[in-house]
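In: generate coordinates for the sequence data below:
(chains A and B)
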Amino acid sequence: MRRAGVVVVGGGPAGMAAARAAAGCGVAVVLVDAGPKLGGQYHRQYGPADGDRFAEALPEAVEHLANATVWAVEPVAGAHRVHVRVGAVDDPSRVGRVLETRALVLATGAYDRALPFPGWDLPGVFTAGAAQALAKGQGVAVGDRVVVAGTGPFLLPVASSLVAVGARVVEVAEANAAVSGWAARPAGALAGWSKTGELVRYAGVMARHGVPYRSRNAVVAAHGSEWVESVTVARLDRDWVPVPGSARRVEVDAVAIGFGFTPQMETAVAARCRIVDGFVEVDAAQGTSVAGVFAAGELTGIGGADLAAAEGEIAGLAAAKRVGAVVDPPLRAMAQVRSGRRFAAALAAAYPVRAGWRGWSRDDTVVCRCEEVTKGALLRAVERREVGAVRSLKLVSGAGLGLCQGRVCGRNVAELAGVEDAAAFARRPIASPIRLSELAEE
Amino acid sequence: MSRIGSADAVVIGAGIIGAACAEALSAAGLRVLVLDRGAAATGTTASGEGNVLLSDKAPGPELELAIASRRRWPELLTSLREEIGEAAEAEWEPKGGLVVATDEAAAAPLAALTAAQRAAGVEAIDLEPDEARNLEPHLTEAVRAAASYPGDAQLQPVLAATALLAAVRARGGEVRGGTEAHGLVLSRGAVAGVRVEGGTIPCGAAVNACGPWAGHFGIAAGAPITVMPRRGMVLVTAPLPPVVRRKVYAADYVAAVASSDVDLQVSAVVEATATGTVLIGSSRQRVGFDDALEVAVLRRLAREAIRLFPVLAGVPVMRTYGGFRPYTPDHLPVVGEDPRVPGLWHATGHEGAGIGLAPATGKLLADLLCGNGTEVDPAPFRVDRPGLLEEARA
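Out: Numbers count the residues shown, from 1 in each chain, chains lettered A, B, ... in the order given. As a prediction, the model looks like this:
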């Protein structure tokens, strides 16, 4: 096995910046990305078009592996082995590749969180990220009449993308009180000024298309037989408990739900990086608690594309330095990270997920969709068996044991069950499914 | 929930063995407190396949304990269902086992083993290759000889352990997680209490059921015993239509279980669970408590499983998990009172067989502790047998 210089996992803003920075120091880089084209969620490129504008702009020292899935990260003496399958998941000819490196940059990003409510498992209910990916990547609108619901500024670009592909966005329901939340942290809001400008642009799109934006509102039920036909939108109190008498029926043929983001953590957990409050802990050079492993972007805290790119640049340089490159301190990126983190802290404070969501679902609402575990069954198992940890919670309830391995339900299930350490759901030594014959290969 | 201030017996370790001991002690009328430094049933118990096996044991004391335990599991689960209802559900499945020899070299020792097991009272049926393939249609054509064991069974170990603990609570006992036992308080040389953070829990007896960590607690208790961790990994496939009916394993598994090699040993064990996933084991390594992923181990598991069931080659593997078996130098469990510290009992060292051996172990320990007659001979499991006691450190 030939040792790679720097290996970067993830081709979003953080991973691309890391690869460019390390390559700029003359270090050979392998950039591993699960997507067919670079850009990640934020810069998602239109799939059917020719070419990959980000890949074409990469320095020559970067080898880009597209459609490449990391299925394991294995610590070995002084280094890490990144086990990759290259090719579409259902392609029997996808091939294996093992990259051994002393400098690994993890930039695996985050995926959006859905909270369970009656009917959330109906066809036509999408995550906000999926709705946006279909719009930007395929030019497809998930429906003609769409409600976008959840919390955080990400709802606006999702609504804009839907409008751009011809959907009518019936309303945007923001569960928090957005504006006053911003005002509470002026330093943070100021630090994120460029970001705020972007939001103002999205707000302009909403206004031009007459899309109502309602704060302290949420979709608390979806109705329909084969496909979603309508939703119940309710006004929420401070704790996200629906205000009695406030429920309205809204006719839709699709719903996009996004309650913030969950970092895509399994490779960091496999590399044994220390996790603090649900995110990978990093130092000023984006180094994790494990020598030779760096993390950048949403893994270290939800802060958006600009912060991710700045962190990626720093991580890429630190990784290059570790394999012998001479590196100038990236002062500008470090300043961007400092202000970006203030913005991220303000975001987190303004758009929390409040406990009232636990009451939206009923006993018969499925909370783990892979294993079809209802909330009632989950709570009964917890009570009868006095479950105290994620590991036993999974094994007594079945929740999180299915194909998604708790990616969708892990945090929700842990919070409903009152079990701490939801990050334990990210302990997935096999980071993505692999055929037994592929595993058996030399 | 109200907390117990003192107990007749404190069981340290809320895995399957601690749970079985606590269940048996509380059934005998004792007030039992179970402590665990983490949460119940999250260590070795959460890392196994749930084997209740007779097939992998040669005649001897462990087989005797296994026969008693195999009899006891279904009886115990039935009586618990009457006592605590749904909480006793443990996915008990008397599915039977099939041991397969894929070369002539393994066929003769398998026949010798089954003959000896039959003499010891185990139902072991020698099969021709086509008979084996009738039982398991997807089995490799390379099968040369096989043996069927209708008595082999499976259950879900975390459900089983939490069911036993639920019974302990129903009888007035307590299970306290997040509480580490730091040592013992002695009075005239005998156990008078268990030391925990911020105080002492007075008790008449303490049971060391810490599994692979029993050696650590032995040191803390001033009575070290030799129990070491032996690492194992399991692969889990996506849910499948029925492909494997029984617990099917390669004949070299028996030799791997009995070996003391430090190096990696891999021997195929394949079985389906109630939810349709297929579990693929088994590996054995002595690497201390190092739980770092080793892809080479997973590759060997995958290869061995495909050798037994070629149809599994295209199946997606969804996850893997690993754990540590509590291992003693002579491969026998330790069940009995420590001769150095009266009132300190050990129940550990079951290696990969703890789930199967749990109920008979609990019963044996409770009978000994209460001064009753025992169903199986306790002598082979005694604490002061050769190789087990270590010098207490000053």
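
In: which residue packs closest to A:G40, ignoring adjacent ones?
Out: Closest residue to A:G40 apart from its sequence neighbours, by C-beta to C-beta, 6 or more residues apart in numbering or on different chains: A:G12 at 2.3 Å. Where you see a C-beta, it was placed from the backbone N, CA and C, and this is true even at glycine.

In: so that neighbour touches A:Y42, yeah?
Out: Yes - counting by C-beta atoms under 8 Å, A:Y42 is a contact partner of A:G12 at 6.2 Å.

In: so which residue is smack in the middle of chain B?
Out: In chain B, the centroid-proximal residue (C-alpha atoms, centre = their mean) is B:G354; its distance is 1.3 Å.

In: next SSE after the least confident helix or strand in chain B by mean pLDDT?
Out: In chain B, no helix or strand scores lower on mean pLDDT, DSSP states H and E than helix B:252-258, which sits at a mean of 77. Going down the chain from helix B:252-258, the next helix or strand is strand B:265-272, by DSSP states H and E.

In: any part of that next one near chain A?
Out: No - Strand B:265-272 stays clear of chain A (C-beta under 8 Å from any C-beta of the partner chain), getting no nearer than 10.7 Å.

In: same deal with stretch B:85-103?
Out: Yes - using C-beta under 8 Å from any C-beta, stretch B:85-103 reaches chain A at B:E86, B:A87.

In: returning to that earlier point: where do the contact lists of A:G12 and A:Y42 overlap?
Out: Common neighbours of A:G12 and A:Y42 (criterion: C-beta atoms under 8 Å, 6 or more residues apart in numbering or on different chains): A:A305, A:A308.

In: tell me the contacts of residue 332?
Out: Unless you meant another one, I'm taking chain A. By C-beta under 8 Å, 6+ apart, no residues touch A:R332.

In: chain B was what I was after
Out: If you count contacts by C-beta under 8 Å, 6+ apart, B:L332 has them with B:P61, B:E62, B:G349, B:P380, B:F381, B:R385.

In: which pLDDT value goes with A:T196?
Out: Per-residue pLDDT puts A:T196 at 65.

In: do the one 10 residues further on as well
Out: Here, the pLDDT recorded for A:M206 equals 84.

In: quick one: it is in a helix?
Out: Yes - the assignment for A:M206 by DSSP: H, G, I helix; E, B strand; the rest coil puts it in a helix.

In: that one contacts A:V172, correct?
Out: Yes - shown here, A:M206 and A:V172 form a contact pair, counting by C-beta under 8 Å, at 7.0 Å.

In: of those two, who's got more company?
Out: Set A:M206 next to A:V172 and count neighbours by other C-beta atoms under 10 Å in any protein chain shown: A:V172 wins out with 22 against 19.

In: coming back round to it: which helices and strands sit right next to the least confident helix or strand of chain B?
Out: strand B:265-272, strand B:278-284 (3 or more C-beta pairs under 8 Å, 6 or more residues apart in numbering or on different chains; DSSP states H and E).

In: list the buried residues of that helix.
Out: By 16 or more other C-beta atoms under 10 Å in any protein chain shown, the buried positions in helix B:252-258 come out as B:D252, B:Y253, B:V254, B:A256, B:V257.

In: let me see the residues that make contact with it.
Out: Taking C-beta under 8 Å, 6+ apart as the rule, helix B:252-258 contacts B:56, B:58, B:99, B:106, B:113, B:265-269, B:282, B:284, B:331, B:351-352.

In: and the furthest pair within the residues you listed?
Out: Farthest pair in those (C-beta to C-beta) is B:A106 and B:E351. Separation: 22.0 Å.

In: so which of these two has more stuff around it?
Out: Under the criterion of other C-beta under 10 Å, the comparison of B:A106 against B:E351 puts B:E351 first, with 25 against 19.

In: I figured that one hits B:P326, correct?
Out: Yes - between B:E351 and B:P326 there is a contact under C-beta under 8 Å: 6.4 Å.

In: so what sits against both of those two?
Out: Both B:E351 and B:P326 are in contact with B:R230, where contact means C-beta under 8 Å, 6+ apart.

In: kindly state the domain boundaries assigned to the chain.
Out: Chain wasn't specified; assuming chain A. For chain A, automatic domain parsing gives the domain ranges A:6-111+A:262-328, A:114-259, A:362-426.

In: look at chain B instead
Out: Domain ranges of chain B: B:7-75+B:157-227+B:331-381, B:97-150+B:228-327, per automatic domain parsing.
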